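Asks: Fold the stuff below for me.
(one chain, ligands or ions: 1)
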Amino acid sequence: LGVIRGIEPRIADAIGAEIADQRESLKLIASENYASPATLLAMGNWLSDKYAEGTVGHRFYAGCRNVDTVESLAAEHARELFGAAHAYVQPHSGIDANLVAFWSVLAQRVEAPALDRAAVRNVNDLTEEDWAALRRALGDQRMLGMSLDAGGHLTHGFRPNISGKMFEQRSYGTDPETGLLDYDAVRAAAREFRPLILVAGYSAYPRRVNFRIMREIADEVGATLMVDMAHFAGLVAGKVFTGDFDPVPHAQIVTTTTHKSLRGPRGGMVLCDDSLAEYVDRGCPMVLGGPLPHVMAAKAVALAEARQPAFQDYAQRITDNAQSLAEGLLRRGARLVTGGTDNHIVLLDVAGYGLTGRQAESALLDAGIVTNRNSVPRDPNGAWYTSGVRLGTPALTTRGVGAEGMDEVAELIHTVLSRTAPAAAASGKPSKAKYVTEDGVAREVAQRAADL
Ligand code: PLP
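Replies: Numbers count the residues shown, from 1 in each chain. Purely as a prediction, here's the structure:
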């Protein structure tokens with residue numbers, strides 16, 4: 001930090017303060033983790049300065065031999081770890097990985113047949129008329145994904161994201177009684193809507209998904225099954241999700257982030273079967289700019305770490321800890337969406353405490369517990385205030401917190417929320433954002449959180 005301080009001290013201070021925050025608070029954001037020092041060091045070096053558009057052995061710049069080594073090793077570790085036919089490690093983030101996947105499927109299913117029909121190899125060789133027809137066809141495709149309030153992600157076809165503008169989208173939800181994914185309802189929606197892409201995967205669903213059934217549904221309606229395993233990639237890598245719950249053998253294409261339960265650097269990745277490999281490899285320049293060689297190096301290191309036996313133990317502890325957190329909360333009278341968890345997520349319905357998600361998130365933050373507010377299915381408070389708080393165990397598991405510690409975390413969360421109440425806005429009307437926590441509670445809990 002001394003070197004940085006000599007140039008821009010405010011940045012050195014912000015980095016130092018962030019390290020302190022991450023040390024002292026309880027990081028329960030389900031999408032966050034702590035990458036290893038080896039992973040961080042692989043990222044912080046001069047590889048960052050190299051341009052390497054294209055793919056391994058096929059670059060648009062000279063002098064890429066070291067980047068070729070880095071990219072091939074990262075892809076090899078990814079293939080071996082997940083048992084995938086092909087891996088593409090360039091995406092800069094999860095959103096980028098999903099964009100690569102969408103355009104790969106469109107290139108395979110819409111563009112390639114159009115080129116065949118026009119008897120040309122390249123879009124540049126299409127007549128103006130054929131090109132206009134292809135563009136219309138590309139913009140006229142359908143995607144079916146999990147609804148946002150059931151735990152789906154914005155990139156699965158929702159309007160604020162480019163995916164919702166590219167595709168006509170419909171979503172499937174969860175059973176109103178149980179909160180669980182209803183495969184018969186997904187099948188019925190797929191039969192009626194006939195999407196080009198069926199997306200499975202989630203950001204806030206606390207259960208496993210049966211990808212064998214999802215593939216059967218996709219096959220029945222002629223859709224490509226794409227699984228976004230961003231959240232649970234670490235559980236797949238660590239062999240906690242196997243068989244029907246491992247997406248890789250079932251989906252034609254699988255995307256992920258590398259920084260969540262997988263515990264790598266911030267970034268994305270695409271795995272696919274042989275039929276999609278050539279399209280996926282066109283990610284740069286199709287939708288990506290020059291790759292980030294330093295981040296690919298860090299991905300290689302993190303993936304190598306995930307191939308070690310200790311990672312399987314880590315992944316198992318993530319789910320054991322989530323169970324312990326869920327049980328601890330239930331025992332203290334909390335309401336959980338689906339009544340529990342079988343992954344790394346616990347979705348707490350804070351209406352039971354008389355609070356909105358926004359109030360609960362803020363009250364917990366005051367007490368050193370970092371979470372994020374989240375919609376619950378059919379949320380009466382909408383996506384901004386919400387009625388839920390999403391909790392996740394990957395980061396605390398990395399810090400060595402075990403099942404007993406998670407019960408203590410449940411106690412701290414329950415203490416804060418049961419001693420917090422909504423407060424009125426300045427106008428005197430009920431507020432969905434303002435709250436008051438009983439005196440001294442936040443300070444006491446923050447101390448216990450720091451000691452954990
Ligand atoms: N897909 C899922 C399921 C996610 O949960 C997220 C991020 O939260 C993303 C994609 C996007 O990842 P990124 O923020 O790296 O673009």
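Asks: Give the closest residue to the residue nearest to the spatial centre of the chain in space, chain neighbours not counted.
Replies: Centroid-nearest residue in the chain, with CA atoms, centre = their mean: residue 230, separated by 3.4 Å. Leaving out its chain neighbours, the residue that sits closest to residue 230 by CB to CB, 6 or more residues apart in numbering is residue 257, at 4.2 Å. All C-beta atoms are positioned from the backbone trio N, CA, C, and that covers glycine.
Asks: From the structure, what's the count of residues near that neighbour?
Replies: The number of residues packed near residue 257 is 26, by other CB atoms under 10 Å.
Asks: wait, doesn't it sit right on residue 232?
Replies: No. Residue 257 is not in contact with residue 232 according to CB atoms under 8 Å; the separation is 10.7 Å.
Asks: The residue nearest to residue 230 bridge partners, please.
Replies: Residue 257 has these beta-bridge partners by DSSP bridges: residue 268.
Asks: residue contacts, it?
Replies: 31, 93, 94, 97, 230, 233, 266, 267, 268, 269 (CB atoms under 8 Å, 6 or more residues apart in numbering).
Asks: nearest to the ligand, of those?
Replies: Closest approach to the ligand among the contacts of residue 257 (CB to the nearest ligand atom): residue 94, at 2.3 Å.
Asks: Pull up the residues of the chain that are close to the ligand.
Replies: For the chain, the contact set with the ligand under CB under 6 Å from any ligand atom comprises 31, 93-95, 98, 153, 155, 201, 203, 228, 230-231, 257, 268.
Asks: In strands, which of those residues fall?
Replies: The strands, defined by DSSP state E, take in 201, 228, 257, 268 from the residues of the chain next to the ligand.
Asks: Tell me the one among the residues you listed nearest to residue 339.
Replies: residue 201 (21.7 Å; CB to CB).
Asks: For the closest one, which non-adjacent residue is spatially closest?
Replies: residue 228 (3.3 Å).
Asks: give the contact list for that neighbour.
Replies: Residues near residue 228 by CB under 8 Å, 6+ apart: 94, 98, 153, 155, 156, 199, 200, 201, 202, 254, 255, 256.
Asks: Got the confidence number for it?
Replies: In this model, residue 228 is scored at 98, pLDDT.
Asks: Can you give me the distance of it to residue 146?
Replies: Residue 228 sits at a distance of 9 Å from residue 146 (criterion: CB to CB, to the nearest Å).
Asks: Give the residues shared as contacts by those two.
Replies: Joint contacts of residue 228 and residue 146 (CB under 8 Å, 6+ apart) are 156, 199, 200, 201, 202.
Asks: which residues touch the third one?
Replies: When the contact criterion is CB under 8 Å, 6+ apart, the partners of residue 200 are 145, 146, 209, 211, 214, 225, 226, 227, 228, 247, 251.
Asks: okay, the second one: pLDDT?
Replies: Residue 146 is assigned 96 on the pLDDT scale.
Asks: ok, the nearest residue to it once chain neighbours are set aside - contacts?
Replies: In this structure, residue 146 finds its nearest non-sequential neighbour in residue 152, 3.3 Å apart by CB to CB, 6+ apart. Contact partners of residue 152, counting by CB under 8 Å, 6+ apart, are 145, 146, 158, 171, 199, 201, 202, 203, 205.
Asks: What's opposite residue 420 in the beta bridge?
Replies: residue 437.
Asks: I'd assumed residue 361 was in contact with it.
Replies: No. If you go by CB under 8 Å, residue 420 and residue 361 don't touch, sitting 11.0 Å apart.
Asks: would residue 390 count as being in a strand?
Replies: Yes. Using DSSP: H, G, I helix; E, B strand; the rest coil, the assignment for residue 390 is a strand.
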